[in-house]
Structure formats: C-alpha cells, structure tokens
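Undergrad: Using only what follows, build the 3D model:
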Amino acid sequence: MLSEVDVLLFDLQDVGVRFYTYIWTLYLAMAAAGERDVEVIVLDRPNPLGDRMDGPVLEPALASFVGLREIPLRHGLTVGELARLFAGEFLARPPALHVVRMSGYDPARHLDGYGLPWVPPSPNLPTRESAWAYPGTGLIEALDASEGRGTTVPFLWAGHSCLDEVAAVALADELNARELPGVLLRAMMTTPAAGKQSGLVCGGVQLHVTAPDAFDGLRTGLRLVQALAARPGVGWREETDLLPSGGGKAETVPWIDRLTGTADVRRSLAAGIAPETIAAGWGDGLATFRERAQPHRLYALPPLPSADRPARSGGGTIPG
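TA: Below is the predicted model:
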C-alpha cells in the first residue's frame, strides 16, 4: 500500500486516552512506514486533557487495538510527542519522523480549550466535558450498560434498561453521597438510538461537571462502573482481541481488562475497593513511564501564570 508513497502525513486530533484508537493508527502507520523507508510527518495538536499522566500502564499481555504499547490510560502527551516516543522507545525500525510543533502551546490551558473552539474529534465526543469524562466513562464500554451512544449526551450519561426511575434516583443518590469532586450526578431516563441498549428505555445518571479544575474523569468513571456493575441485571462484556491481522492467537477476555490494560482494576472493583485506593497502586508505573517519556517531550516549559498567558495558543491547529 505504501509502495508509491513518498511521505505519510498524520493530522488527527487525539483526546489523551490510551483506548482512543487514533494513536494506534499512527503507531501502525509508523511501523509500516519504517519498513518501507517512508517519511512520516505529524502535525501536532493540543491534548484536550493537558499533560497529566494517570491510570494503569498497559500490561503487554493485554495488548489490543485499544492499547498496543505500554503507556498509561491517560498518557499526558500530544500526538507529536507520542510519535517521538513510539519511534524512540517501541519501534524496531522507526521511520524518518518530522513533527511540526505547535507555537505557544501551554498544556496547563487545557481547561479553557487553549482559546480554541471545540471541534468534535469523533461524533460521540461532542463537547469538552465529554472529553474530560472520557477516561472514566469510556470504561462503561466494558459493561452491557449504555455509555450514552445514541443519546444527546454520549459519555456524560450511562444507564441500563434494568433500571427504572426509582433505581436511577438511587444510583444518583449513591454516587452523590460520595461527594465526588467537581461533578453532580442527576437521574435521567432516556432511550438510546444506537449502541448498547438501543431502543430500550433506560434509567441512568447524567454527569454535570461543576468544577472542571477539580473534576477527575477517571476516578468518577470507576465509581460509576463499580456502582452499575453491582446492580442486578448489569453484566460485564467479554470480547475477542482486536490485534491487527497476524498479531497472534485470538483470545477472549473481559473487555475491562483490555481498556484498563490490567486485570487488577476489574478484580479490585469487584472486591469493592475504592477507586482512590486502586489508584494508589499506579504510582510506580506512572513514575517509570514519565521518566521514559521525558526525552520525547516537546513542550517542557513550566506553565505561565494565568495573567501572563496569551489569548490563544496552538500554532494554528484547531482540535477536530
């Protein structure tokens, strides 16, 4: 396919989460380009989640197209930095790589969108709030509950047809009693038009982000997964792997293990362990990855004080 290609140009908007698969398209394209001596140019774009790294680092045995290499669930890098990481750390034969850097990029500005309008990178991430929640609510994919596909609030609502209005209110009350930072949950009935639970009246909860600087999408999502999975009638999904052709023997595993990159999260949630306690075990892996990624960072300057920040940043690229 690349036999008559001189240069491969990558210009896609990532959302900063390992299981958002655009970055693995980049990885596989770079691998193919390296084998054929094709240059790769990456037009860098902002990370909507900033530079914070969080979550478990992928275990190699759980590699799939929702996570091919050992990076954290929330990776904290731009696509350009990821490309440099792939070339420097993971690819046996990396291509000639050129990253077109952004100008004036300050990862600390992710909460105001870097002064740029939000353009959905895919249909089910229509707002900044949906992207902020996605590291956690994306894990609803591991249940047979709906994560909001086919509704007006994808990844900001989750529910199941086994929940009626009373059960939805109870779910919202249970989660709000946890005083999760930066978010209020509201009981909401809806009928997804697509995806899981399509055409069924479902009870669930909608997330309202009240304080973006305090909101933790990953831990909120883990609380929601844990609460939903405990409801009678809600089940875990199992899927065969999504490795590219020739990637080895197909294997059926709980989808939560593929998404989180480890079986530990599923086991801990099932045992009733709090997400905050689960997260305490991620520190060593994150520290190791942060050190590994550091040589490949392009925007290492400390964030400017808010009063001194430019009105716009991003080097002319708009997330899309």
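Undergrad: Strands along the stretch 1-150 of the chain, start to end?
TA: Secondary structure of the stretch 1-150 of the chain (DSSP state E, counting those that start in this stretch): strands at 7-10, 39-43, 54-57, 72-74, 97-100.
Undergrad: Tabulate the CA atom coordinates of the third one in PDB.
TA: Extracted C-alpha coordinates of strand 54-57, given in PDB (Å, rounded to 0.1, in the frame of the first residue of the first chain):
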ATOM      1  CA  ASP A  54      -2.800   8.900  35.200                       C
ATOM      2  CA  GLY A  55      -4.100   5.400  35.300                       C
ATOM      3  CA  PRO A  56      -2.500   2.000  35.000                       C
ATOM      4  CA  VAL A  57       0.200   1.400  32.400                       C
END
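Undergrad: helices or strands up against it?
TA: If you count contacts as 3 or more C-beta pairs under 8 Å, 6 or more residues apart in numbering; DSSP states H and E, strand 54-57 packs onto strand 72-74, helix 283-293. Any C-beta I mention is one placed from the backbone N, CA and C, and that applies to glycine too.
Undergrad: Recalculate using a threshold of 10 Å.
TA: Applying 3 or more C-beta pairs under 10 Å, 6 or more residues apart in numbering; DSSP states H and E, we find strand 54-57 packed against strand 72-74, helix 128-137, helix 217-229, helix 264-270, helix 275-279, helix 283-293.
Undergrad: Determine which of these approaches R258 most closely.
TA: helix 264-270 (10.4 Å; C-beta to C-beta).
Undergrad: Let me know the average pLDDT across the closest one.
TA: Mean pLDDT, computed over helix 264-270, is 97.
Undergrad: And that helix, what does it pack against?
TA: Looks like helix 264-270 contacts strand 54-57, helix 217-229, strand 252-254, helix 255-260, helix 275-279 (3+ C-beta pairs under 10 Å, 6+ apart).
Undergrad: May I see the buried residues of that helix?
TA: For helix 264-270, burial by neighbour count (16 or more other C-beta atoms under 10 Å) applies to D264, V265, R266, S268, L269.
Undergrad: same deal with stretch 70-90?
TA: So for stretch 70-90, counting by 16+ other C-beta under 10 Å, buried means 70-87, 89.
Undergrad: How about stretch 35-51?
TA: So for stretch 35-51, counting by 16+ other C-beta under 10 Å, buried means 38, 40-51.
Undergrad: nearest to A177, of those residues?
TA: L49 (27.1 Å).
Undergrad: got a list of what that closest one touches?
TA: L49 makes contact with 14-17, 74-76, 107, 110-111, 131-132, 134-135, 217-218, according to C-beta atoms under 10 Å, 6 or more residues apart in numbering.
Undergrad: swap the cut-off to 6 Å and go again
TA: Neighbouring residues of L49 by C-beta atoms under 6 Å, 6 or more residues apart in numbering: G16.
Undergrad: Then G76?
TA: D51, R52, M53.
Undergrad: try it again with 10 Å
TA: Counted by C-beta under 10 Å, 6+ apart, G76 has contacts 16, 47, 49-54, 82, 107, 286, 289-290, 293, 297.
Undergrad: Reformat the strands of the stretch 1-150 of the chain as CSV; add distance to V183 and mean pLDDT.
TA: Listed next are these as CSV, based on distance: least, C-beta to C-beta, whole Å; pLDDT from 0 to 100:
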stretch, distance to V183, mean pLDDT
strand 7-10, 34, 98
strand 39-43, 33, 99
strand 54-57, 16, 98
strand 72-74, 17, 99
strand 97-100, 35, 98
